[in-house]
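# Mind folding the following:
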Amino acid sequence: MNNSLSLLCIAFVMLFSCKAQETSIIAKDAALQLVADVYKFTEGPAVDTEGNVYFTDQPNDRILKWDAYDNSVSVYMQPAGRANGLYFDHDGNLLACADEKNELWRIDSEGNVTVLIEDFEQKKLNGPNDLWVDPKGGIYFTDPFYVRPYWNRTEKEIENERVYYITPDMGEIRIVADDYVQPNGIIGSADGKLLYVSDIGDQKTYSYAVQDDGSLTNKQLFCALGSDGMTLDQEGNVYLTGDGVTVFDAGGKQIAHIPTGESWTANVTFGGPEQNVLFITAMDAVYTLEMNVHGIR
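Here you go, the predicted model:
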């Protein structure tokens, strides 16, 4: 075999291997499915125990529910505190980063709201954005500063844009990371031992070891890409958003890119009865994609 033919064969093998790896997490013949595109800006998808996904349409101040069984969407709450990121706690309450007054809410099954956090050391938070609940019930949340048109303020009361942790008894809020330009997406592993945080302001994503008291150690650069929202699958792959959905394996190697055709893809989670449906929020739309992998909740 001459050198030119040998190089061609190597290139073909590499292309085939990369393509096979990229598509292995996506179900065979699956294609992105538009659920609806009647919103202003979608964000914050969170899955309940039945596989339904709740998401936000922040400019329209509402939380919506995607029914995993009939693919319908209904309004769950409006007004909704200008909610952004959402996550369910272990008791089935929906937690919401209520951006209107820079609060963190707990919404029970009847729609009753409890304000969990409204300030830190008598200073208004910058704007809770995304959150994750650990196995013990503690809450990590990011607090970047994005000036909103519905705010009366344009200046920070807290200079640093941080990651905070609320203890499982909701009795204490602690700073666990304060060396970020603009933290945003956040997600943790099912066993609670690993936490990923995106610094969208510096276009990097980091991993941490989580300690028994909720503190974070061993900060490591995971990849040189920031993210608006993020999720994990059962294989430890990390899904970042922005330009579509970019998927990295547990070692930080990119293994897939899922384009949405939208100018910005804000967030992503796994839904459906088997949690094998990737649910994507992107601009005025939400999409689903059948996967070979599933979420970790």
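# Would you map the strands across the stretch 151-297 of the chain?
All strands of the stretch 151-297 of the chain, identified by DSSP state E, counting those that start in this stretch, fall at 161-166, 173-180, 183-188, 194-199, 204-210, 216-223, 230-232, 238-242, 244-248, 254-258, 267-271, 277-282, 285-290.
# For N84, find the nearest of the ones you listed.
N84 sits nearest to strand 267-271 of all the strands of the stretch 151-297 of the chain, at 9.2 Å, using Cβ to Cβ. In this view, the C-beta of every residue, glycine as well, is placed from N, C-alpha and C.
# How about residues contacting the closest one?
Residues outside strand 267-271 that contact it (Cβ atoms under 8 Å, 6 or more residues apart in numbering): 42-47, 51-53, 55, 66, 68, 85, 130, 185, 228-231, 233, 239, 241, 245, 276-281, 288, 291, 294-297.
# likewise stretch 29-37?
Contacts of stretch 29-37 (Cβ under 8 Å, 6+ apart): 66, 71, 73, 258, 260, 280, 284-291.
# Looking at these, state which has the most neighbours.
When neighbours are counted by other Cβ atoms under 10 Å, I280 leads those with 30 neighbours.
# what's the spacing between that residue and N112?
The gap separating I280 from N112 is 30 Å, by Cβ to Cβ, to the nearest Å.
# Also P144?
For P144 relative to N112 (Cβ to Cβ), the value is 28 Å.
# out of the two, which sits in the busier spot?
Neighbours were tallied for P144 and for N112 using other Cβ under 10 Å; the higher tally belongs to P144 (20 against 9).
# From what I see, that one and S198 are in contact.
No: with contact defined as Cβ atoms under 8 Å, P144 does not reach S198; the gap is 10.1 Å.
# intersection of neighbour lists for these two?
Joint contacts of P144 and S198 (Cβ under 8 Å, 6+ apart) are P183, N184.
# Any stretches of the stretch 1-150 of the chain with poor pLDDT?
Scanning the stretch 1-150 of the chain for pLDDT under 70 picks out the ranges 1-23.
# How far does stretch 266-275 sit from its chain's centre?
The chain centroid and the centroid of stretch 266-275 are separated by 10 Å under Cα atoms, centre = their mean, to the nearest Å.
# same deal with stretch 123-138?
12 Å.
# okay, how far is it across it, tip to tip?
End-to-end distance of stretch 123-138 (Cα to Cα, to the nearest Å): 22 Å.
# just stretch 124-136 next, same as before
This stretch, stretch 124-136, spans 27 Å end to end (Cα to Cα).
# do stretch 241-261 as well
13 Å.
# again with stretch 177-187
Where stretch 177-187 begins and where it ends lie 14 Å apart, using Cα to Cα.
# same check, this time on stretch 196-207
In stretch 196-207, first residue to last residue: 4 Å (Cα to Cα).
# Rounded mean pLDDT for it, please.
Averaged over stretch 196-207, pLDDT sits at 98.
# For that stretch, give me every contacting residue.
Under Cβ under 8 Å, 6+ apart, the answer for stretch 196-207 is 142, 144, 161, 163, 177, 180-188, 194-195, 208, 219-228, 230, 232, 238, 240, 242.
# among the strands of the stretch 151-297 of the chain, which is nearest K28?
strand 285-290 (9.0 Å).
# The closest one pairs with which strands, and in what direction?
The pairing partners recorded for strand 285-290 under DSSP bridges are strand 33-36 (antiparallel), strand 277-282 (antiparallel).
# now what about the last one, what contacts it?
Read that as strand 277-282. Contacts of strand 277-282 (Cβ under 8 Å, 6+ apart): 32, 42-45, 47, 51, 53, 55, 66, 68, 229, 239, 241, 245, 258, 260, 262, 264-271, 286-291.
# coming back round to it: which single one of the contacts of stretch 29-37 is nearest to A96?
Distances from A96 to the contacts of stretch 29-37, taken by Cβ to Cβ, are shortest for W66, at 16.3 Å.
# Report how many residues lie close to S109.
10.
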